[in-house]
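>>> attaching a predicted model along with its sequence, questions to come.
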Amino acid sequence: MVAVHTAEPGAPGELAERFEAVVAAEQRVEPRDWMPDAYRATLIRQIAQHAHSEIIGMQPEGNWLTRAPSLRRKAILLAKAQDEAGHGLYLYAAAETLGVDRAELTEKLISGRQKYSSIFNYPTLTFADVGVIGWLVDGAAICNQVPLCRCSYGPYARAMVRICKEESFHQRQGFELLMTLMRGTEAQQRMVQDAVDRWWWPSLMMFGPPDDDSPNTAQSMAWRIKRHTNDELRQRFVDMTLPQAQHLGVTLPDPELSWNEARGSWDFGEPDWSELQRVIKGQGPCNTQRIDRRRAAHEQGTWVREAAAAYASKRATAGKQATASKEKESDV
Amino acid sequence: MVAVHTAEPGAPGELAERFEAVVAAEQRVEPRDWMPDAYRATLIRQIAQHAHSEIIGMQPEGNWLTRAPSLRRKAILLAKAQDEAGHGLYLYAAAETLGVDRAELTEKLISGRQKYSSIFNYPTLTFADVGVIGWLVDGAAICNQVPLCRCSYGPYARAMVRICKEESFHQRQGFELLMTLMRGTEAQQRMVQDAVDRWWWPSLMMFGPPDDDSPNTAQSMAWRIKRHTNDELRQRFVDMTLPQAQHLGVTLPDPELSWNEARGSWDFGEPDWSELQRVIKGQGPCNTQRIDRRRAAHEQGTWVREAAAAYASKRATAGKQATASKEKESDV
Amino acid sequence: MPETDTYGDTLLCRDLAAYTLRLGDDALVLAQRLCEWITHAPTVEEDLALSNIALDLLGQARVLYAQSGRHDGTGRDEDDLAYGREPSEFRNVLLVELPKGDFADLIARQLVWTHHCLLLHTALRGAADPELAALAERAVEETRYHRSHADRWVACLAHGTPQSKRRLQAALDRVWPYTDELFEADALVRRLAEHGAVASPTTLRESWEREMTTVLAQAGLRMPTVTGHQCGGRRGAHTATFGDLVAELREVRCAHPGGTW
Amino acid sequence: MPETDTYGDTLLCRDLAAYTLRLGDDALVLAQRLCEWITHAPTVEEDLALSNIALDLLGQARVLYAQSGRHDGTGRDEDDLAYGREPSEFRNVLLVELPKGDFADLIARQLVWTHHCLLLHTALRGAADPELAALAERAVEETRYHRSHADRWVACLAHGTPQSKRRLQAALDRVWPYTDELFEADALVRRLAEHGAVASPTTLRESWEREMTTVLAQAGLRMPTVTGHQCGGRRGAHTATFGDLVAELREVRCAHPGGTW
């Protein structure tokens, strides 16, 4: 089994053929199956990044848990935080089926060697941001993630099914919050518009660079990890969101937005890709704070995790001794 | 001079006589003068406790610096914090003239071996508390402190002259804040009454236990450190405060308050002395927090003070070397 | 039952309103403190567990506030009660409002709180008021999980490393002065207990002390000795940081007077 | 001067209102951050020094807000401007809002800020607007003290212990990405500078960089290299903790709508 997991390019052609056939037939690759190293590496990177995003993604809204302006909103936010922690855990578990260790992934996150979605490097300045994150950010995440439910790697695909269901719940709740705020005072309406202005472009960038600048897309699509290009998904998101924006009564901050009768789709402006590059490189408004907070929580928790490990090993030893003495007894 | 400072009971009778004569003639004892050990110890304890009270006393209002509801109130609070830090520094300097070291006093404060005024172990729950502290707590402090301007120990008496001037300024500002709040909304008026209800009895207790339970008073009065008994000062405070309370339109939470025509003074109820004892013993609502915060600031600042000490000693060495090389030059 | 006559429905309602407000405040304030842990817990599993517990407490607070608002006849809803009162109008015990502290402080508080809470809600299942009894029924299930979470961590920290044991003991010492207030029987509680409307705090106290003795003995921890008990929460005399907690709770709502949420 | 015609008094007033609002926000927000240090400083002397500096900044903010309110014709007073705006309506640079951090962060920020500030106010003494010039005149005196306070601590920490040097260098590295924004010349500043109403940020920048080079060289510190500059404050795009700062600022006032203070 170890041999299968560490299979080199020179692995028997038969295994490679079987892998290709499974993927081509839209069947699922499972943890024990042979898979190309590059496929495994791509998945580890993507799933880890996705897991990290769930965990870091708790922070921008986490600040509002103690400040939610009604008990119902507080309950909704708490439930969402709970879902996100849960998603993080499924996804770490999915990554572990590929032979990586969770502690190692955490280490890579807090040392900045693995990324998380750049969207979480923007600050949440008002409570309207909570609604806009639900509506736009979770909305974009769903566009990205729904096709992943059919991803060729089984554990990831199954995790995504559950995650997508909960995400679409979050999206509806975000939209409902914005609808409520837009029925409120003028100051509340201004607060919503301000949040939309700040989150629109970063949301569009969640789909990654434009297709002609996304060299890995073709391979990921061939492997049936990815199903659509970045630009296809971005267009789908814009088309889905525009009617909702009109329904809400907010303006999206893009003068080039216009209905293209011929394409049956919305035309829109070009995001500032240099900004995306800056944020990816760690120069976004909150990169440092997000990682620092994660690292601080991790470091402050070290003594607790050490205690848990020591306790578990003591219990394991005690358990073995108990078993041993029982065996001895039965020997007698 | 060292001999004078550590003079034992067996010190020349002449010195003791001179000390007694100076005190009896209402003249000032100065740092270089001979003084009885018990006099010195009493003063050190009292001045240190007074200095500590200024420093700890910054905390209850410190929380409101960032929250003051107008820029003018913020400026007043900042100026008050500045005054309190300044008072703490004068008083530590006065204590040092008696041969103690400030670092030692700080150590005794944060290890709980020296006390500060128990009044600062009550929490400031609303912004009205800021006003009530100015009115009642600073008011009581002034009653206590004005006679100290005539204290027999020169450095302490001189520090008190300056401190009293600033304290009475704080008291007026506190009263003015309360007057403003009482002209405000009903909720603001309730907030003031609630604060008065919480601070009245603790303020009365600032004068210490009743006279028949205050064994050191007689000696302190003979030494002209203290000028009036605790109960005399308490009565003076009540008589001074009652008309102000009426002017404000607040009720003091003591059903026994009534004007005594015969005495020309107000009768008032007995404070709960067992509560005072509890708070003095460290069981007040905020004892732990106040000391923890002071200790945390001190500990977090250790590396800074170490740096300052190292820098000072490097500069001193450099200064000496410079002087030495200059001397050498002039030799040449 | 001659007492019923003198007690009367109106008085009972008023007392029940005050009583459910106390329990509601306990639950909301503790939920608020637990929220401060989320994204700061030592593991993601613990972020999950704490958000779970906070959500249960918040649910209890909402039901209790609704009951309180009905009983007192003011018709105030859960948000009126949660957001519309000054700090000094909150009636929670001081224990639940103590600042976040470290993970040992969290667990020490959860230990004493959840054991008390399970005993209380178990007794309240027999409350005369059917709504209160129903709330208690549900709360018992939830609190059982909260208690086992606390018990597991106490065992783990006590038997883990010397550091974790030392920290837990120090946290227990810090928390213990605030346990007395959990069993305080003031006039309100005495009236309600005499009429069988709520559990007698004295009985709860004995069971709680027995449980604590057992838990601490099993964990090899020392029962803290307390020289000065702290109380005042039930009459609105709160600790130094409580004003900040309430301010944070109300922050957004305050910034938008007349807003809809 | 054909520009004067197209610029005109109304436009100048509007620009001056926006400009003084920026400076007022800088001063108020930094004062707010300094307030967080009081009772937490490493020595009582430092508590005193920081409250002194905070009080000066607060005084500057009050004058600047009064000027801004007069120039924009809305008649808003200092408290309307300080307490009546949403976080996104604040126009301070991000540097002044960065969270408290440790003492080295404080000193690193004070270093870059006070050097910039002294250059700016020195230049503004020649501003055409007499009120602004008068404010600058007073601010120069105050800022001179603030700058020497920062310089002294930089020397002390740099030459103190290896730990203090390491901490200061790390703090400088953290602060440096926020220095670019101090010299940002957007349309507003360019318009005002072209008409001689305010100092040109380009000139300030050169002097500032020279001063920093000297200070750091004398202290044996490395000039931080910055790959990504942070800005956005001047158009209301603030950092993650800024909402909390404003909420705390407004907390009491928000809790008492219609109150008098």
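Done, it's in.
>>> contact residues of the stretch 1-150 of chain A facing chain D?
A:60, A:63, A:67, A:123-126 (Cβ under 8 Å from any Cβ of the partner chain). The C-beta positions use only the backbone N, C-alpha and C, and glycine is treated the same way.
>>> enumerate the residues of the stretch 1-150 of chain A near chain C.
By the criterion of Cβ under 8 Å from any Cβ, the positions of the stretch 1-150 of chain A lying close to chain C are A:55, A:58-59, A:62, A:64-75, A:78-79, A:81-82, A:85-86, A:88-89, A:92, A:127.
>>> and the residues you listed, which of them are in helices?
Under the assignment DSSP state H, the residues of the stretch 1-150 of chain A next to chain C contribute A:55, A:58-59, A:62, A:71-75, A:78-79, A:81-82, A:85-86, A:88-89, A:92, A:127 to helices.
>>> which parts of stretch C:230-244 are buried?
Neighbour-count burial for stretch C:230-244, counted by 16 or more other Cβ atoms under 10 Å in any protein chain shown, picks out C:230-234, C:236-243.
>>> residue of the stretch 101-250 of chain C nearest chain B, please.
Minimum separation of the stretch 101-250 of chain C from chain B (Cβ to the nearest Cβ) falls at residue C:228, amounting to 2.5 Å.
>>> what about that residue, how many neighbours?
Counted with other Cβ atoms under 10 Å in any protein chain shown, the burial measure for residue C:228 works out to 14 neighbours.
>>> before we move on, what SS does it have?
Secondary structure assignment for residue C:228 (DSSP: H, G, I helix; E, B strand; the rest coil): coil.
>>> with the one 10 residues further on instead?
Here residue C:238 is recorded as coil under three-state DSSP.
>>> got the contact list for it?
Going by Cβ atoms under 8 Å, 6 or more residues apart in numbering or on different chains, residue C:238 touches B:123, B:125, C:87-88, C:90, C:94, C:97, C:232.
>>> got the phi/psi numbers for it?
Torsion angles at residue C:238 (phi, psi; degrees, to the nearest 10) stand at phi -100, psi 180.
>>> got a pLDDT number for it?
The predicted local confidence for residue C:238 comes out at a pLDDT of 92.
>>> do the same with residue A:276
The per-residue pLDDT reported for residue A:276 equals 90.
>>> before we move on, which element is it in?
Residue A:276 is located in helix A:273-278, with elements delineated by DSSP states H and E.
>>> chain B contacts on chain C?
In this structure, chain C approaches chain B at residues C:86-88, C:174, C:177, C:227-230, C:232, C:237-244, C:247, judged by Cβ under 8 Å from any Cβ.
>>> redo that, cut-off 7 Å
Within chain C, the residues that sit near chain B (Cβ under 7 Å from any Cβ of the partner chain) are C:86-88, C:227-228, C:230, C:232, C:237-240, C:242-243.
>>> gap between the closest residue to residue A:34 other than its chain neighbours and residue A:36?
Beyond its immediate neighbours in the sequence, the residue positioned closest to residue A:34 (Cβ to Cβ, 6 or more residues apart in numbering or on different chains) is residue A:15, lying 4.0 Å away. Per Cβ to Cβ, to the nearest Å, residue A:15 is found 9 Å from residue A:36.
>>> and if you look at residue C:77?
In this structure, residue C:77 and residue A:36 are 60 Å apart, going by Cβ to Cβ.
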